[in-house]
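Participant: Sequence first, predicted coordinates after that:
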Amino acid sequence: MSFPRYKSYKESGVEWLGDVPEHWVACRFSRVILAIKDGTHGTFSRMTEGKVFLSAKNVNNGRIEISDDESLITWKDHSDIVSNGFPQKGDLLLTIVGTIGRSCVYSLDEAIAFQRSVCFIRLKKSCLPQFFYFLTQSKFFQEQLQSRSKSSAQAGVYMGDVSATSIMFPTNYEEQQIIAAFLDRETAKIDALITEQQRLIELLKEKRQTVISHAVTKGLNPNAPMKDSGIEWLGEVPEHWEVCAIKRMTLLITDGAHISPETGGGVYDFISTKDISDKGIDFEGCLKTTSSSYEYLVRTGCQPICGDILFSKDGTIGRTVVIKEQRDFVVASSLIIIRPDSDILDSSYFNYLCQSSVVVQQVEGFVKGAGLPRLSIQNLLKVFGVFPSFVEQHSIVTFLDNETAKLDTLTTEAKTAITLLQERRTVLISAAVTGKIDVRGLVSVKPEVKAETVPC
């Protein structure tokens with residue numbers, strides 16, 4: 001859909017911004033800010049009862065997201081933090097540490113305590129918070145924040161950096177209302193489409209696991225004679241299949257390095273859980289270790305070979321990948337190396353078995369730890385699997401390769417659609433809040449008179 005432009009423009013005075021509508025104002029953000037304040041810099045002990053204590057992660061998607069496991073502080077600490085009057089309803093919240101640039105309009109009647117990773121911006125009365133929320137989400141504002149981000153252990157900007165950003169806006173309050181109402185409506189449509197695609201991805205993921213689980217527990221022949229597996233949650237399996245602990249079908253189950261390898265001047269790939277994904281192993285983004293560390297880790301059994309399966313056991317549990325070619329690399333303790341007995345177990349079949357609900361549900365029952373979930377090798381050794389003949393394993397792998405490829409293609413298409421929708425959302429917001437399009441005739445609002453003007 002194409003949108004009209006304003007009838008006349010003027011130079012903004014900002015080189016990278018270009019022209020703005022003739023009646024708009026271009027100035028520093030500080031000119032429209034009554035007050036700016038970040039969250040508390042104090043540290044507090046985690047409580048089992050008390051008031052929530054939020055951080056940048058809670059500001060997302062234009063709203064405050066609070067979960068059941070938030071950090072809690074005492075009522076007194078909370079009262080001390082919010083006693084300065086921040087935040088209050090109508091303040092603009094902006095994340096300034098970590099993932100900087102997320103924002104929302106504070107809409108709660110009661111003040112909530114925030115850590116210093118969030119700053120509160122109180123605007124002049126002639127400035128509509130919702131318009132300025134969209135302005136902070138525009139590409140030109142985000143790029144300014146990123147350019148001012150300080151390089152440290154955790155990226156961040158100072159409140160002075162926020163105040164110094166260049167902005168432009170219509171001084172007419174009703175026009176701000178119209179632009180905000182237009183963007184509320186249009187972004188809601190886009191967000192609904194994104195939600196549909198995200199739901200489709202979840203359904204495809206569920207379908208994928210269902211297809212895999214059925215193939216590795218019931219086989220491909222619907223008329224095959226069945227027998228009771230002897231395991232209540234598993235039910236019947238083909239009569240000639242074996243149900244046993246996975247360790248009986250393997251030659252080796254061990255984990256990677258329990259030491260921190262030397263990384264200065266490293267040349268050999270050192271793979272951990274974070275480097276494993278559905279796409280395989282990220283050799284480009286992994287850590288590198290030195291020759292001496294590599295040789296030691298090889299000697300101590302931390303080097304997979306072709307045909308091995310890597311199984312993640314720390315953090316993200318149960319992510320797997322088959323080693324399909326020999327390569328010189330070693331793995332961290334967050335990964336388990338599983339070496340199937342190639343005479344009786346096909347690596348690709350075993351990989352699919354690990355992705356099935358049969359193994360996933362057992363593994364989930366063994367996982368320990370809330371902060372960093374972990375699966376011990378001892379518990380993995382207790383996991384049972386279902387194993388057909390070697391010939392049937394190959395047939396099932398061929399079938400699943402074909403079926404999952406179809407589902408993966410649909411998933412990729414859905415992810416591409418989300419990316420395009422997110423790009424359209426950003427472009428639309430940026431165009432509207434910089435005056436590149438004129439939306440005044442596309443939505444109507446009830447005028448709200450504001451006496452104050454913005455001196456710029």
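Facilitator: Yep, it's here.
Participant: could you point out which element follows the lengthiest helix in the chain?
Facilitator: When the chain is parsed with DSSP state H, its longest helix is helix 173-218. Later in the chain than helix 173-218, the nearest helix or strand by DSSP states H and E is strand 226-228.
Participant: what's that next one packed up against?
Facilitator: Judged by 3 or more Cβ pairs under 8 Å, 6 or more residues apart in numbering; DSSP states H and E, strand 226-228 is in contact with strand 236-238. Just so you know, the C-beta spots here come from the backbone N, C-alpha and C atoms, and that holds for glycine as well.
Participant: what lines up beside the strand it packs on in the sheet?
Facilitator: Sheet pairing for strand 236-238, assigned by DSSP bridges, gives strand 226-228 (antiparallel).
Participant: just how off-centre is stretch 269-283 within its chain?
Facilitator: The chain centroid and the centroid of stretch 269-283 are separated by 17 Å under Cα atoms, centre = their mean, to the nearest Å.
Participant: Double-check that residue 2 belongs to a helix.
Facilitator: No: Residue 2 is assigned coil when assessed by DSSP: H, G, I helix; E, B strand; the rest coil, not a helix.
Participant: Would you quantify the distance from it to residue 188?
Facilitator: 21 Å (Cβ to Cβ, to the nearest Å).
Participant: higher neighbour count, these two?
Facilitator: Neighbours were tallied for residue 2 and for residue 188 using other Cβ atoms under 10 Å; the higher tally belongs to residue 188 (10 against 5).
Participant: what about the more buried one, distance to residue 330?
Facilitator: Distance from residue 188 to residue 330, by Cβ to Cβ: 50 Å.
Participant: With residue 281 instead?
Facilitator: Noted for residue 281: a distance of 12 Å to residue 330, by Cβ to Cβ.
Participant: Please apply the same query to residue 2.
Facilitator: From residue 2 to residue 330 the distance is 56 Å (Cβ to Cβ).
Participant: same thing with residue 11?
Facilitator: 59 Å.
Participant: How about residue 217?
Facilitator: Distance from residue 217 to residue 330, by Cβ to Cβ: 34 Å.
Participant: more neighbours, these two?
Facilitator: Per other Cβ under 10 Å, whichever of residue 217 and residue 330 has more neighbours is residue 330, with 25 against 22.
Participant: what kind of secondary structure is that one in?
Facilitator: Residue 330 - assigned by three-state DSSP - is strand.
Participant: Okay, it and residue 318: tell me how far apart.
Facilitator: Taking Cβ to Cβ as the measure, residue 330 falls 21 Å from residue 318.
Participant: Likewise for residue 420?
Facilitator: 31 Å.
Participant: Look at the two and report which has more neighbours.
Facilitator: Set residue 420 next to residue 318 and count neighbours by other Cβ under 10 Å: residue 318 wins out with 17 against 13.
Participant: Show the contacting residues for that one.
Facilitator: Applying Cβ atoms under 8 Å, 6 or more residues apart in numbering to residue 318 gives the contacts 311-312, 354-355, 359-360, 363, 375.
Participant: Just among those, which is most surrounded?
Facilitator: Within the contacts of residue 318, most neighbours by other Cβ under 10 Å means residue 311, with 26 neighbours.
Participant: looking at the sheet around it, what are its partners?
Facilitator: residue 320, residue 336.
Participant: Nearest residue to residue 411 in space, please, no chain neighbours.
Facilitator: Once flanking residues are discounted, residue 411 sits nearest to residue 204: 4.9 Å by Cβ to Cβ, 6 or more residues apart in numbering.
Participant: Quick check: the one you found touching residue 410?
Facilitator: Yes: with contact defined as Cβ atoms under 8 Å, residue 204 counts as touching residue 410 (5.6 Å).
Participant: quick one: the helices in the stretch 351-456 of the chain?
Facilitator: 357-366, 377-380, 390-433 (DSSP state H, counting those that start in this stretch).
Participant: and the shortest one, average pLDDT?
Facilitator: When you say that, I think you mean helix 377-380. Rounded to a whole number, the mean pLDDT of helix 377-380 is 93.
Participant: Tell me the helices and strands packed up against that helix.
Facilitator: Helix 377-380 packs on strand 250-255, helix 357-366, going by 3+ Cβ pairs under 8 Å, 6+ apart.
Participant: Dump the ones you listed to a markdown table, plus distance to residue 46.
Facilitator: Shown next, in a markdown table, are the helices and strands packed on helix 377-380 (distance: least, Cβ to Cβ, whole Å):
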| stretch | distance to residue 46 |
| --- | --- |
| strand 250-255 | 31 |
| helix 357-366 | 26 |
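Participant: Contacts only, for residue 111.
Facilitator: Neighbouring residues of residue 111 by Cβ under 8 Å, 6+ apart: 82, 85-88.
Participant: Buried residues, stretch 54-71. List them.
Facilitator: 54-59, 62, 64, 70-71 (16 or more other Cβ atoms under 10 Å).
Participant: Endpoint to endpoint, that stretch covers what distance?
Facilitator: End-to-end distance for stretch 54-71, by Cα to Cα, to the nearest Å: 7 Å.
Participant: same deal with stretch 283-302?
Facilitator: End to end - Cα to Cα - stretch 283-302 spans 16 Å.
Participant: Now do that stretch: distance to the chain's middle.
Facilitator: Distance, centroid of stretch 283-302 to centroid of chain: 29 Å (Cα atoms, centre = their mean).
Participant: average pLDDT for stretch 185-205?
Facilitator: For stretch 185-205, the mean pLDDT works out to 97.
Participant: Please apply the same query to stretch 293-312.
Facilitator: 93.
Participant: Pull the residues that contact it.
Facilitator: In contact with stretch 293-312 (Cβ under 8 Å, 6+ apart) are residues 254, 256-257, 261-262, 266-268, 270-271, 273, 276, 281, 289, 318-326, 328-331, 334-340, 342, 347, 350-351, 354, 380.
Participant: Just the buried residues of those.
Facilitator: Buried, going by 16+ other Cβ under 10 Å: 256-257, 261-262, 266, 268, 270-271, 273, 276, 281, 289, 318-323, 329-331, 334-340, 347, 350-351, 354, 380, out of these.
Participant: Contact partners for residue 148?
Facilitator: Per Cβ under 8 Å, 6+ apart, neighbours of residue 148: 157-158, 161, 164-165.
Participant: give me that answer again for 6 Å
Facilitator: Listed by Cβ atoms under 6 Å, 6 or more residues apart in numbering, the contact partners of residue 148 are 157, 161.
Participant: cool, residue 355 as well?
Facilitator: Residue 355 sits next to residue 212 when contact means Cβ under 6 Å, 6+ apart.
Participant: Distance of it relative to residue 52?
Facilitator: Taken as Cβ to Cβ, the span from residue 355 to residue 52 is 37 Å.
Participant: what does residue 104 give?
Facilitator: Using Cβ to Cβ, residue 104 is found at 16 Å from residue 52.
Participant: which one of the two has more residues nearby?
Facilitator: Neighbour count, other Cβ under 10 Å: between residue 104 and residue 52, residue 104 has more, with 23 against 15.
Participant: that's a helix at the more buried one, yeah?
Facilitator: No: Residue 104 is assigned strand when assessed by three-state DSSP, not a helix.
Participant: Surely it and residue 61 touch.
Facilitator: No: taking Cβ atoms under 6 Å as the definition, residue 104 is not a contact partner of residue 61, at 8.0 Å.
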